[in-house]
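Q: Any chance you could fold what I've pasted below:
(chains A and B)
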Amino acid sequence: AQRVTQPEKLLSVFKGAPVELKCNYSYSGSPELFWYVQYSRQRLQLLLRHISRESIKGFTADLNKGETSFHLKKPFAQEEDSAMYYCALSGSARQLTFGSGTQLTVLP
Amino acid sequence: GAGVSQSPSNKVTEKGKDVELRCDPISGHTALYWYRQSLGQGLEFLIYFQGNSAPDKSGLPSDRFSAERTGGSVSTLTIQRTQQEDSAVYLCASTPTGVFTEAFFGQGTRLTVV
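A: As a prediction, this is how the structure comes out:
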């Protein structure tokens, strides 16, 4: 079975402060991990995936297999980062499993 | 079409009625997923299609829920004898063939059971 846990339902930070959204996973094989984002009144969309090792909109995420984590980080949060963030895992069966999401609010 | 299309965008139905939700994936995408997004509950996996077959139906909450996909394209999620707890946003996503890269989501159908 595959499971994704996002322990924080709500997270608030001030503009310019660092932000970290936590994600832990459970999967026996080698997973593919993703972060998806849903801005207000927009559809859910891919933010980044671990295999690309990319930085999108200043966000990065490192896969830590020892800690089974894939936390999303940004050094300086912006107000436009306020959104719902979902961590997701794809296993060998190609089923995409999502965490429960974290609502990020960046305060002015 | 250019993206995943879902219809209707909003549906209000009376308790006990049946509803059909439709998903039109991106052309050529072989995998199709249904999720349910409830307030405070995140994204709940319902069912996954690879072509016309459903390798994993484990997420369907009860036997009132069923889904089919025909021609490897359009999918229909049917909820029979709707209950108030079925109220949620139902999301559809599709992915292309081969290595999993990115799931493209529709705008969702907001179902309200009164």
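Q: Listing request: residues of the chain with sub-threshold pLDDT.
A: Unless you meant another one, I'm taking chain A. Segments of chain A classed as low confidence (criterion: pLDDT under 70) are A:92-94.
Q: To clarify, I was referring to chain B.
A: When the per-residue scores of chain B are filtered using pLDDT under 70, the ranges that remain are B:1, B:40, B:97-101.
Q: can you give me the strands for it?
A: B:5-7, B:10-13, B:19-24, B:31-38, B:42-50, B:53-56, B:65-69, B:75-79, B:88-95, B:104-105, B:109-113 (DSSP state E).
Q: Chain A too?
A: Secondary structure of chain A (DSSP E): strands at A:3-5, A:10-14, A:19-21, A:24-26, A:32-38, A:45-49, A:60-61, A:72-74, A:83-90, A:96-98, A:102-107.
Q: Same list (those strands) but as a markdown table, adding mean neighbour count.
A: Where C-beta positions appear, they are placed from N, C-alpha and C, glycine not excepted. Below are those laid out as a markdown table (neighbours: other Cβ atoms under 10 Å in any protein chain shown):
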| stretch | mean neighbour count |
| --- | --- |
| strand A:3-5 | 17 |
| strand A:10-14 | 13 |
| strand A:19-21 | 20 |
| strand A:24-26 | 17 |
| strand A:32-38 | 23 |
| strand A:45-49 | 18 |
| strand A:60-61 | 20 |
| strand A:72-74 | 20 |
| strand A:83-90 | 22 |
| strand A:96-98 | 22 |
| strand A:102-107 | 17 |
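Q: before we move on, the earlier item: dump the strands of chain B to JSON lines, plus mean neighbour count and distance to residue A:66.
A: Listed next are those as JSON lines, based on neighbours: other Cβ atoms under 10 Å in any protein chain shown; distance: least, Cβ to Cβ, whole Å:
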{"stretch": "strand B:5-7", "mean neighbour count": "18", "distance to residue A:66": "40"}
{"stretch": "strand B:10-13", "mean neighbour count": "14", "distance to residue A:66": "46"}
{"stretch": "strand B:19-24", "mean neighbour count": "19", "distance to residue A:66": "39"}
{"stretch": "strand B:31-38", "mean neighbour count": "22", "distance to residue A:66": "30"}
{"stretch": "strand B:42-50", "mean neighbour count": "21", "distance to residue A:66": "26"}
{"stretch": "strand B:53-56", "mean neighbour count": "14", "distance to residue A:66": "29"}
{"stretch": "strand B:65-69", "mean neighbour count": "17", "distance to residue A:66": "38"}
{"stretch": "strand B:75-79", "mean neighbour count": "20", "distance to residue A:66": "39"}
{"stretch": "strand B:88-95", "mean neighbour count": "23", "distance to residue A:66": "29"}
{"stretch": "strand B:104-105", "mean neighbour count": "22", "distance to residue A:66": "32"}
{"stretch": "strand B:109-113", "mean neighbour count": "18", "distance to residue A:66": "41"}
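Q: nearest to chain A, of these?
A: Proximity to chain A, assessed across these by Cβ to the nearest Cβ, is greatest for strand B:42-50 (3.3 Å).
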